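Here's a sequence, model it:
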Amino acid sequence: MSGSQPKKLAFEQFAIVGRALGSGHRLELLDVLVQGERSIEALAQASGLLLNNASQHLQQLRRAGLVTSRKAGKQVICALAGAEVIALVKALRQVAERNLAEIGRVIDRYYRHRDTLEPVSRDELLARLRNRSVVVLDVRPAVEYAAGHVPGAISMPVTDLKRRLKELPKGREMVACCRGPYCVYSYDAIEVLRPKGFEVRRLDGGFLEWLAAGLPIERPGEPGPRLKQRTNVSKRPAP
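As a prediction, the model looks like this:
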């Protein structure tokens with residue numbers, strides 16, 4: 001065996017992962033799985049795919065070691081293979097944002113005009129959660145909230161928001177948390193709440209970036225995590 005052969009064999013295995021990431025549908029499935037494990041049927045519904053198509057895409061992701069699966073009765077439940085998958089998807093997005101002009105056009109056309117206020121950074125939110133000066137609204141579907149959420153967040157799916165306005169605290173700033181950087185739920189929530197007089201901003205990067213940063217999460221029925229101050233927390237005072 002030549003000296004370069006082992007490297008070629010290794011690169012071929014790396015290419016399996018690369019090919020698995022080479023589909024917008026598969027990346028969207030990973031984006032949903034960041035929020036928590038799901039059945040194949042639920043993943044198909046969340047991503048707008050037919051069940052057979054979703055199953056085929058998930059097979060590709062399993063072969064690449066990006067997704068795991070287990071049986072639960074008659075259902076097959078899928079989950080991310082580990083935190084490194086989140087880091088991989090984040091790195092892919094950052095490279096695309098840095099080098100593909102079309103990403104900038106998408107942001108300008110579909111996102112930027114919907115909210116001109118600066119989003120709340122993770123460090124700022126962490127500091128303000130510690131002094132209880134903000135209310136976090138988790139505007140994702142309830143099943144995603146149950147799988148894990150920012151500590152102390154209130155489950156308020158954007159689809160329920162209009163009929164639940166009376167449940168929201170008056171006179172307190174709120175932060176809307178959605179799935180991730182390209183999720184529209186927090187934008188939709190802002191468009192409902194601001195005209196009603198609520199002071200609300202978005203969480204920068206949503207739950208995906210919160211999770212990728214290794215920040216604490218909370219699940220119903222479990223003791224709440226201690227919110228430790230990070231050494232690089234922004235010094236900007238809370239308003």
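
Name the residues of the strand or helix carrying Ile190 that come out as buried.
Ile190 is part of helix 185-193 when elements are defined by DSSP states H and E. Buried residues in helix 185-193, counted by 16 or more other Cβ atoms under 10 Å: Tyr185, Ser186, Tyr187, Asp188, Ala189, Ile190, Val192, Leu193. Yep, even glycine has a C-beta here, placed from its N, CA and C like the rest.

my read: the first one touches Leu161, true?
Right, Tyr185. No. The pair Tyr185 / Leu161 is not scored as a contact, 9.6 Å apart, by Cβ atoms under 8 Å.

Spit out the residues that contact those two alike.
Val139 (Cβ atoms under 8 Å, 6 or more residues apart in numbering).

And Ala81, what's its pLDDT?
Looking at Ala81, its pLDDT is 97.

tally of neighbours for it?
Ala81 is flanked by 15 other residues according to other Cβ atoms under 10 Å.

and if you look at Gln59?
Neighbours around Gln59, by other Cβ under 10 Å: 13.

Give me the secondary structure label for it.
Secondary structure, DSSP: H, G, I helix; E, B strand; the rest coil: Gln59 is helix.

Look up how far Arg26 lies from it.
Counting by Cβ to Cβ, to the nearest Å, the separation of Gln59 from Arg26 is 10 Å.

ok, now which ones touch Ser186?
Per Cβ under 8 Å, 6+ apart, neighbours of Ser186: Val139, Ala176, Cys177, Cys178, Arg202, Leu203, Gly206.

do that again at 6 Å, thanks
Going by Cβ atoms under 6 Å, 6 or more residues apart in numbering, Ser186 touches Val139, Ala176, Cys178, Arg202.
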